[in-house]
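S.K.: what's the 3D shape of this:
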Amino acid sequence: SYYKPPMDRKSTSMLHLLHRERPPPATATSPSQFYRRPLPSNCIAFSSAEGKAIFQEALKTGNMEGYFRLASQFVTQDHPAYCGLATLVMCLNSLEVDPGRVWKGPWRWFHEEMLDCCVPLSKVRSSGITMSEFICLAECNSLQVEQLVMATEAASIEEFEQAAQVCSQSEEKILVVSYGRQGLDQTGDGHFAPIGGYHPKRRLLLVMDTARFKYPAHWVPLERMWTALHYPDPVTGHPRGYCILTRAFGSAPAPRIFRISRRFLAAVMATRRPGVDDLRCPTDAASASKLQAASAGRASLLRLVEAFGNWLEQTRDAADGAKSPAADSDADVDANATSDTDWLATFAAAAGHLRGLCETLRLRELPIGPQFDAQLVAEAAAAAAA
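M.R.: Numbers count the residues shown, from 1 in each chain. Got it, this is the predicted structure:
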């Protein structure tokens, strides 16, 4: 036997904490949680010895020019369904687009939660976004879609390879792919990712996967990616594809407070076709329903314009009264001078009020609702182009 000194209550409590039973670690058979996935054999990890060698070879040939900007803005998507939003955030921040509104503190910066001008975030979290919704978000946030190709029979792998080469040799253009993971022998379904570079001799694309909790950045054969682009989107039923994004306003970002996407504009125009809606007498229930929806759209838009105009007038009158010069004011001070902080506060208030009005009048659903069929939107887009 040996002497065991008595332990006080504090020591006993600490010993209890040290020996407290911990939950068992997650195992490979746990159905509710995972720690990453192994890359399939057709993919080469970017951080592997072979992946590094491929990078060095591509760098020497000038096909990694766009990589460094993208790498400096590489993010992990905040939600499993945010691959499209995270990809777009990488593109926006890489191309140095000023969002025109504050992210946190005094900083204007793009984040996934700010990309809600085309699709409600609640919908994105449940089902992700389609390619058309991705394009809408890009254009809504000062990006230009230089090229959009859906993987149909008319598209060619040669054109896809040319797009990869052009973007890999430029800092101002980014190639984004929308593909089915099954085509790369990966788990999951649809995915968005920016392409960070291209190795022309081995025909390998660098996929900068924003789902970094699942797969790291990796090289994939061009042919395998081309196959993956053909996997249909279950929402649209059509093949996926790729696009080239650039900044829409040259070297300097244009200050814009309210952005109207082309899709929104086309849908709004589709609510009224002068000389047609006013004279047409619908003869069937479907036509009458469409005409009724268009009339409701016009009424809602008119109410929006009127309500927002009244709010702007009240705000302007209040501001004019607040900046009236006091009797003891310095004569050299411009009475109309306004600080940057005041302007930002005004813009933020206006944007918030406009969004509230849109939600009150249910305009978020109206422009992209099912009552506007493809023909109406196409006619409106043609009219806008003319």
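
S.K.: in the stretch 51-200 of the chain, which spans are helices?
M.R.: 67-72, 83-94, 121-127, 131-140, 157-168 (DSSP state H, counting those that start in this stretch).

S.K.: can you show me the CA trace of the third one as PDB?
M.R.: These are the backbone C-alpha positions of helix 121-127, laid out as PDB (Å, rounded to 0.1, in the frame of the first residue of the first chain):
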ATOM      1  CA  LEU A 121     -31.300  33.300 -50.600                       C
ATOM      2  CA  SER A 122     -33.800  31.000 -49.100                       C
ATOM      3  CA  LYS A 123     -34.300  29.400 -52.500                       C
ATOM      4  CA  VAL A 124     -30.600  29.200 -53.100                       C
ATOM      5  CA  ARG A 125     -30.100  27.400 -49.900                       C
ATOM      6  CA  SER A 126     -32.700  24.800 -50.800                       C
ATOM      7  CA  SER A 127     -31.900  24.200 -54.500                       C
END
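
S.K.: other SSEs contacting that helix?
M.R.: Using 3 or more CB pairs under 8 Å, 6 or more residues apart in numbering; DSSP states H and E as the contact test, no helix or strand touches helix 121-127. Bear in mind the C-beta positions are built from the backbone N, C-alpha and C, glycine included.

S.K.: need the winner for burial among the helices of the stretch 51-200 of the chain.
M.R.: helix 83-94 (a mean of 25; mean count of other CB atoms under 10 Å).

S.K.: now do it, average pLDDT.
M.R.: Per-residue pLDDT over helix 83-94 has a mean of 98.

S.K.: over to stretch 103-110?
M.R.: pLDDT averaged over stretch 103-110 gives 93.

S.K.: hmm, who's touching it?
M.R.: 88-89, 92-93, 97-102, 111, 114, 141 (CB atoms under 8 Å, 6 or more residues apart in numbering).

S.K.: looking at those residues, spot the one nearest Glu57.
M.R.: Among the contacts of stretch 103-110, Asn93 lies closest to Glu57 (CB to CB), at 27.8 Å.

S.K.: from Ser168, how far off is that closest one?
M.R.: Distance of Asn93 to Ser168, computed by CB to CB, to the nearest Å: 19 Å.

S.K.: then Arg212?
M.R.: From Arg212 to Ser168 the distance is 21 Å (CB to CB).

S.K.: strands along the stretch 101-250 of the chain, start to end?
M.R.: 143-150, 174-180, 190-199, 204-207, 218-221, 241-247 (DSSP state E, counting those that start in this stretch).

S.K.: turn those strands into a markdown table, including mean pLDDT, mean neighbour count and distance to Arg125.
M.R.: Below are the strands of the stretch 101-250 of the chain laid out as a markdown table (pLDDT from 0 to 100; neighbours: other CB atoms under 10 Å; distance: least, CB to CB, whole Å):
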| stretch | mean pLDDT | mean neighbour count | distance to Arg125 |
| --- | --- | --- | --- |
| strand 143-150 | 93 | 17 | 23 |
| strand 174-180 | 98 | 26 | 18 |
| strand 190-199 | 98 | 26 | 15 |
| strand 204-207 | 99 | 26 | 23 |
| strand 218-221 | 98 | 22 | 26 |
| strand 241-247 | 96 | 22 | 23 |
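
S.K.: and the ones you listed: which comes nearest Asp78?
M.R.: strand 190-199 (14.0 Å).

S.K.: which elements pack onto that closest one?
M.R.: Short answer (3+ CB pairs under 8 Å, 6+ apart): strand 190-199 packs on helix 49-60, helix 67-72, helix 83-94, helix 157-168, strand 174-180, strand 204-207.

S.K.: so which of those gets nearest Tyr198?
M.R.: It's helix 157-168; of the helices and strands packed on strand 190-199, that one is closest to Tyr198 (CB to CB) at 4.0 Å.

S.K.: show the average pLDDT along the closest one.
M.R.: Here the average pLDDT along helix 157-168 is 97.

S.K.: can you check stretch 120-131 too?
M.R.: 94.

S.K.: same check, this time on stretch 35-51
M.R.: The model assigns stretch 35-51 a mean pLDDT of 97.

S.K.: domain-wise, how is the chain divided?
M.R.: If you go by automatic domain parsing, the domain ranges for the chain are 44-247, 262-319+339-385.

S.K.: please look at Met131 and Cys243 and confirm they touch.
M.R.: Yes: using CB atoms under 8 Å, Met131 is in contact with Cys243, at 7.5 Å.

S.K.: find the residues that touch each one of those two.
M.R.: Contacts common to Met131 and Cys243, judged by CB under 8 Å, 6+ apart, are Leu148.

S.K.: sketch out the low-pLDDT regions of the stretch 201-350 of the chain for me.
M.R.: Scanning the stretch 201-350 of the chain for pLDDT under 70 picks out the ranges 249-309, 311-313, 315-350.

S.K.: how about a cut-off of 50?
M.R.: 250-259, 271-282, 325-341, 343-344 (pLDDT under 50).

S.K.: ok, residues contacting stretch 213-224?
M.R.: The contact list for stretch 213-224 (CB under 8 Å, 6+ apart) reads 34, 36-37, 39, 42-47, 51, 54, 74, 76, 157, 160-161, 164, 183-184, 186-188, 196, 198-199, 203-209.

S.K.: start to end distance for that stretch?
M.R.: 22 Å (CA to CA, to the nearest Å).

S.K.: repeat that for stretch 214-230.
M.R.: Using CA to CA, the distance between the terminal residues of stretch 214-230 is 22 Å.

S.K.: re earlier: and the helices of the stretch 51-200 of the chain as CSV, adding distance to Gln314?
M.R.: Putting the helices of the stretch 51-200 of the chain into CSV (distance: least, CB to CB, whole Å) gives the following:
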stretch, distance to Gln314
helix 67-72, 44
helix 83-94, 34
helix 121-127, 30
helix 131-140, 28
helix 157-168, 48
